[in-house]
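A.B. asks: Give me the fold of what follows.
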Amino acid sequence: MAGFDSSFELWVAGCEWGCGMGEFEQQVLSELSVLKAQMQQLLGIGQPGRLQALEGRVEEHERDVQRWKGVVSAWGGVLTLAHLAVAWFVERR
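C.D. replies: Got it, this is the predicted structure:
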């Protein structure tokens, strides 16, 4: 049968009303199918999922942070040189 990922799912689908499974087992299987559907939605099914989009946004943010760290470091260097120049001119007077 197409559409089943394991022989267990095929067995469960072939049983009428769960083949004597108790209420707990039926609840576990229904919650497991919900979890499986949520994981497929999160990871994507052959197309970019939300997790992959989130990873892209995080990578972009990390690049922006690194860029700003470089800008701030360069600005700190410029301010240091300006401070040294001012101190040098004050001492020469």
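A.B. asks: so where do the helices sit in this structure?
C.D. replies: Along the chain, counting by DSSP state H, helices occupy 7-14, 23-43, 50-92.
A.B. asks: Mind putting these into JSON lines with mean pLDDT and mean neighbour count?
C.D. replies: All C-beta spots, glycine's among them, are computed from the backbone N, C-alpha and C. Formatted as JSON lines, these follow (pLDDT from 0 to 100; neighbours: other Cβ atoms under 10 Å):
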{"stretch": "helix 7-14", "mean pLDDT": "58", "mean neighbour count": "12"}
{"stretch": "helix 23-43", "mean pLDDT": "85", "mean neighbour count": "11"}
{"stretch": "helix 50-92", "mean pLDDT": "93", "mean neighbour count": "10"}
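A.B. asks: quick one: residue 93 from residue 83, how far?
C.D. replies: Distance, residue 93 to residue 83, using Cβ to Cβ, to the nearest Å: 16 Å.
A.B. asks: show me the residues around residue 72 that make contact.
C.D. replies: If you count contacts by Cβ atoms under 8 Å, 6 or more residues apart in numbering, residue 72 has none.
A.B. asks: quick one: it and residue 65, what's the gap?
C.D. replies: Per Cβ to Cβ, residue 72 is found 10 Å from residue 65.
A.B. asks: With residue 54 instead?
C.D. replies: For residue 54, the distance to residue 65 (Cβ to Cβ) stands at 16 Å.
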